[in-house]
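**Q** got a predicted structure here, sequence first:
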Amino acid sequence: MEGMIPMSDPEILTIPSVATVGASEAIGASLKAALSTFPNVVVDCSAIEEADISFVQLLIAARRSAKRGGKKLRLKSPASGQLLSILVRSGLVSKESGQSEDDKFWLIEGE
């Protein structure tokens, strides 16, 4: 079926505890490498202790790139903690939302 993502075990990319602008080059390279190699990439953000908007920007860009390439990028679990705080403060999601495609990416496991 055209446009379908092959069912395969996802590649899990674990983000380090610090996901700030200082780590953005390394995280961006990891995302790019995973998406260039695997059709299905799951980003594990559970180790994040410190993050900033640069990490969110990397994920948005990686998600768009995956979509253009017919690949799938998703979070291992819904955004929480520091990541959720950044998303809410920046206006990218609302804690009460979850209806738009973007909200589902950030807030719904497996989307």
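**A** Nice, thanks for sending it over.

**Q** any chance you could map the strands in the protein?
**A** Taking DSSP state E, the strands of the chain run over residues 11-14, 18-19, 40-44, 50-51, 72-75.

**Q** find the least confident helix or strand in this protein, judged by mean pLDDT.
**A** Least confident helix or strand of the chain, by mean pLDDT, DSSP states H and E, is helix 101-107 with a mean of 85.

**Q** can you redo the strands of the chain as TSV with distance to residue 57 and mean pLDDT?
**A** C-betas here are computed from N, CA, C, even on glycine. Putting those into TSV (distance: least, C-beta to C-beta, whole Å; pLDDT from 0 to 100) gives the following:
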stretch	distance to residue 57	mean pLDDT
strand 11-14	16	96
strand 18-19	11	97
strand 40-44	14	97
strand 50-51	11	96
strand 72-75	14	96
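
**Q** among the ones you listed, which comes closest to residue 31?
**A** Proximity to residue 31 (C-beta to C-beta) singles out strand 11-14 among the strands of the chain, at 6.7 Å.

**Q** I'd like to know which elements that closest one is packed against.
**A** helix 24-37, strand 40-44 (3 or more C-beta pairs under 8 Å, 6 or more residues apart in numbering; DSSP states H and E).

**Q** buried sites along the last one?
**A** Of the residues in strand 40-44, those buried under the neighbour-count criterion (16 or more other C-beta atoms under 10 Å) are 40-43.

**Q** now render those residues as a markdown table, adding distance to residue 85.
**A** Below are the buried residues of strand 40-44 laid out as a markdown table (distance: C-beta to C-beta, whole Å):
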| residue | distance to residue 85 |
| --- | --- |
| 40 | 28 |
| 41 | 24 |
| 42 | 22 |
| 43 | 17 |
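
**Q** now the two most distant members of those.
**A** So, the buried residues of strand 40-44 by C-beta to C-beta: farthest apart are 40 and 43, at 11.4 Å.

**Q** mean neighbour count, the helices and strands packed on strand 11-14: which tops it?
**A** Stretch with highest mean neighbour count among the helices and strands packed on strand 11-14: strand 40-44 (a mean of 19; mean count of other C-beta atoms under 10 Å).
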